[in-house]
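In: please work out how this folds:
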Amino acid sequence: QSQVVESGGALVQPGGSLRLSCAASGFNFDTYAIGWFRQAPGKERERVLCIGRSGVSTDLDSDVLGRFSGSRSNANNTAYLQMTGLKPEDTAVYHCAAHSSGFFCPSGGMNYWGKGTLVNVSS
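Out: Presented below is the predicted three-dimensional model:
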């Protein structure tokens, strides 16, 4: 069974940092692009960034530029989202998803989605 599973969500104070993980199984992880998305309460899902199969992050949302970064370990079939300078408005359920193109992360066309992990930024 092909799947991705997120972990690492937590309650964190404003200004804090957190690293989320996305563990993949059942497909050729190193050929897929991995996207990180988030959905805040009452809002639509938005893409945070896309990590190509080479490890280069693209399509960073303007709200997270300079604060968030993506990376991956193809040896461990895992992708990461490093978040720093967290703000209350970053509070959301964060999902990772995989796309077979290896380069793109279209919100409506990802092949595999995780169930998400909750990040709550609050004092």
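In: OK, contacts around the closest residue to residue 11 other than its chain neighbours?
Out: With C-beta to C-beta, 6 or more residues apart in numbering as the criterion, residue 11 has its nearest non-adjacent residue at 4.6 Å, and that residue is residue 120. (Each C-beta comes from the backbone N, C-alpha and C, glycine too.) Going by C-beta atoms under 8 Å, 6 or more residues apart in numbering, residue 120 touches 9, 10, 11, 12, 91.
In: do that again at 10 Å, thanks
Out: Contact partners of residue 120, counting by C-beta atoms under 10 Å, 6 or more residues apart in numbering, are 9, 10, 11, 12, 86, 88, 90, 91, 92, 93.
In: how much space separates the residue nearest the centre of the chain from residue 123?
Out: Closest residue to the average C-alpha location of the chain: residue 36 at 2.5 Å, with C-alpha atoms, centre = their mean. Taking C-beta to C-beta, to the nearest Å as the measure, residue 36 falls 24 Å from residue 123.
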